[in-house]
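Enquirer: would you be able to build a 3D model of this:
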Amino acid sequence: MVNPWAGEVGMVIDGQRHVMKLTLGALAELEAGLQEGSLIELVERFETGRYSSRDVLMLIVAGLRGGGWQGAAGDLVRADIAGGPVAAARAAAELLARAFAQPGDGAA
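Expert: Numbers count the residues shown, from 1 in each chain. Model prediction:
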């Protein structure tokens, strides 16, 4: 079960439900993987719709790893994500919104 108040987002990959969460460790991993810019710039790209498929993939991997998944980005190359790329982009944006939401601001 996904708990949006804890920053969790659900995603079905290859028919299996996963819980994603951007923990501090996952955010640090994500930040280290960014080849340009910062987490704030990544948030801005999502807010303005200028994100890339690489941004989506990095967020999904970070969220999965924060949720306990032991895989890597390469494991998702042939994976079937329920809802396809659009659902993946929505989940990535939701992860960011929930990770940086202030209590009571309605982001969850």
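
Enquirer: so what's residue 90 up against?
Expert: In this structure, residue 90 makes contact with residue 83, judged by Cβ atoms under 8 Å, 6 or more residues apart in numbering. Yep, even glycine has a C-beta here, placed from its N, CA and C like the rest.

Enquirer: tell me the mean pLDDT over the longest helix along the chain?
Expert: Under DSSP state H, the helix in the chain containing the largest number of residues is helix 84-99. Confidence over helix 84-99 (mean pLDDT, whole number) is 93.

Enquirer: same deal with stretch 59-75?
Expert: Mean pLDDT, stretch 59-75: 94.

Enquirer: okay, buried residues for it please.
Expert: Along stretch 59-75, the positions that meet the burial threshold by neighbour count (16 or more other Cβ atoms under 10 Å) are 59, 60, 61, 62, 63, 64, 65, 66, 67, 69.

Enquirer: please apply the same query to stretch 47-62.
Expert: Applying a neighbour-count criterion of 16+ other Cβ under 10 Å, the buried positions in stretch 47-62 are 51, 55, 56, 57, 58, 59, 60, 61, 62.

Enquirer: would you turn the residues you listed into a markdown table with secondary structure and distance to residue 99?
Expert: Conversion of the buried residues of stretch 47-62 to a markdown table gives the following (DSSP: H, G, I helix; E, B strand; the rest coil; distance: Cβ to Cβ, whole Å):
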| residue | secondary structure | distance to residue 99 |
| --- | --- | --- |
| 51 | coil | 15 |
| 55 | helix | 14 |
| 56 | helix | 15 |
| 57 | helix | 17 |
| 58 | helix | 13 |
| 59 | helix | 10 |
| 60 | helix | 13 |
| 61 | helix | 14 |
| 62 | helix | 9 |
